[in-house]
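Here's my sequence, what's the structure:
(chains A and B)
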Amino acid sequence: MKTKSLDPDTFLPLPDAVFHILLVLADEERHGYGIMQEVLRRTEGKVRLGPGTLYGAIKRMVARGLIEESGRRPDRELDDARRRYYRLTRLGRRVVVAEVARLEALVKAAHGIKRLSPSRFCEATRTG
Amino acid sequence: MRKMASFRSEHAYRFLLRVYPAEFRDDYGEEMVQFFRDRCREVRRAQGAAGLIGLWLHTLGDLASSALSEHIDSWEASMNLKTSVGVLLLLFALGNIVYDAVTQTASMGILAIFVTALAAALGGALVSRGKSGAAVRQ
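A predicted model of the protein is given here:
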C-alpha cells in the first residue's frame, strides 16, 4: 500500500477525471452516478465518465486519502441502499484548491503572451 | 420489450465485468452494475431502446481502457520495486540488442561476444552448482 503524502503539491497535476470528481465533491457528497451526472452538467455534456473510469479514479483517490466513503445512507424509499456516497477529505480539499491555483496561474501566464491575446487574434482574423 | 433490452444489457455488463481484476470487481462491481442500470434507464427514457446501442459503444470503450489500467495497477502492486526495475532493465537491454543485431551487421560481433560471455557465466554457475550439490551429497 502506498504511503499517503500530505503535501498537496505532490498530487499535481491532477488527471482530468480526478479533477472533475474532486470539484463536484467540493459542494456536497454524492454517489457515483450522481458524480457522473454533475460532471456532465458542469462540462455542458463534454465530459461523460464511464463506470470503469469513474470507479477506477474513485479507487485511487480513496487509496491516496483524497476522498472517503461517507457514512450517510439514503432512505430506502428514496434511493438504493447499495449506493455508496463519497466526500472530500481535508487533504482532498487542499489538493483541489492547489490544482485550481495552478491552473489559474497557467491561464494568467498564457494571457501574458501577446500572440495569444484575444484582441490580437480577432484583429488577425479580420485582416487575414 | 424495452425493459427486456435493459435487463439483457445489465446482465451482459455484469458478465463483462469479469475482465477486471477480482479485487476491483469485489470492491466496486455492484456499484458499477448499479451505475450501468441507471444509465440504461436514463437512455431508454430519452432515446428508447435504440439508444442502448450508443450506450454500449461508449461502455465498451470505457471498459477496455479502464480494465487495462486496473490490470496494470494490480500488476504493479504485486511486483516489488527491485523486480520491476530488474525486469524493465532486462527488457530494455534485450530490446537494444535485438534492434542492433537486426539493423547493424557490425553489432553481430558484439552480440557474439555477449552471447559467449552469457553462456560462460551460465555454464560457470551450473558447474559450481553441480560441485556444491556433490559436496552436500558427500
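
My read is that residue B:29 contacts residue B:17, right?
Yes. Contact criterion CB atoms under 8 Å: residue B:29 and residue B:17 qualify, at 5.3 Å. For the C-beta atoms, the positions are set from N, CA and C on the backbone; glycine is no exception.

Please work out the average pLDDT along the helix or strand hosting residue B:100.
Secondary structure from DSSP states H and E places residue B:100 in helix B:81-103. Average pLDDT, helix B:81-103: 68.

repeat for stretch B:45-53
86.

and residue B:31, what does it touch?
A:31, A:32, A:51, A:55, A:82, A:83, A:84 (CB atoms under 8 Å, 6 or more residues apart in numbering or on different chains).

Looking at those, state which has the most neighbours.
residue A:51 (26 neighbours; other CB atoms under 10 Å in any protein chain shown).

Tell me the gap between the helix or strand hosting residue A:58 and the middle of its chain.
Using DSSP H and E, residue A:58 sits in helix A:51-63. The chain centre lies 12 Å from the centre of helix A:51-63; the measure is CA atoms, centre = their mean, to the nearest Å.

Could you do stretch A:16-35 as well?
6 Å.

one step back: need the contact partners of the helix holding residue A:58.
Applying CB under 8 Å, 6+ apart, the contact partners of helix A:51-63 are A:1-2, A:15, A:17-18, A:21-22, A:32, A:35-36, A:49, A:67-69, A:86, A:92, B:20, B:24, B:27-28, B:31-32, B:35-36, B:39, B:59, B:62-63, B:65-67, B:69-70, B:73.

What of stretch B:66-81?
Against stretch B:66-81 from outside (CB under 8 Å, 6+ apart): A:50, A:52, A:53, A:56, A:60, B:19, B:20, B:21, B:23, B:24, B:84, B:87.

Pull out the buried positions in that stretch.
For stretch B:66-81, a neighbour-count test (16 or more other CB atoms under 10 Å in any protein chain shown) marks B:66, B:67, B:69, B:70, B:73 as buried.

List just the nearest of the residues you listed to chain A.
The closest of the buried residues of stretch B:66-81 to chain A turns out to be residue B:66 (CB to the nearest CB; 2.8 Å).

could you check the angle helix A:51-63 makes with the helix or strand where that closest one lies?
When elements are assigned from DSSP H and E, residue B:66 belongs to helix B:51-78. Inter-element angle recorded for helix B:51-78 and helix A:51-63: 40 degrees (by axes from the mean of the first three to the mean of the last three CA atoms, to 10 degrees).

what about residue A:57, how many neighbours?
24.

do the same with residue B:104
Neighbourhood size, residue B:104 [other CB under 10 Å]: 11.

Any residue of the helix or strand hosting residue A:35 touching chain B?
Using DSSP H and E, residue A:35 sits in helix A:32-42. Yes. Against chain B, helix A:32-42 shows contacts by CB under 8 Å from any CB of the partner chain at A:32, A:33, A:36.

can you list these in TSV and add pLDDT?
Listed next are these as TSV, based on pLDDT from 0 to 100:
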residue	pLDDT
A:32	94
A:33	94
A:36	96
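
Show me which of the contacts of stretch B:66-81 is closest to residue A:96.
Closest approach to residue A:96 among these (CB to CB): residue A:60, at 14.8 Å.

about what we covered before: list the buried residues in the helix holding residue A:35.
A:32, A:33, A:34, A:35, A:36, A:37, A:38, A:39.

now, which of those residues sits nearest residue B:54?
residue A:36 (15.7 Å).

so what's that closest one up against?
Here residue A:36 is in contact with A:48, A:49, A:54, B:35 (criterion: CB under 8 Å, 6+ apart).

Could you check which helix or strand contains the first one?
When secondary structure is defined using DSSP H and E, no element contains residue A:48, which sits outside every helix and strand.

Spatially nearest residue to it (excluding sequence neighbours)?
In this structure, residue A:48 finds its nearest non-sequential neighbour in residue A:40, 5.4 Å apart by CB to CB, 6 or more residues apart in numbering or on different chains.
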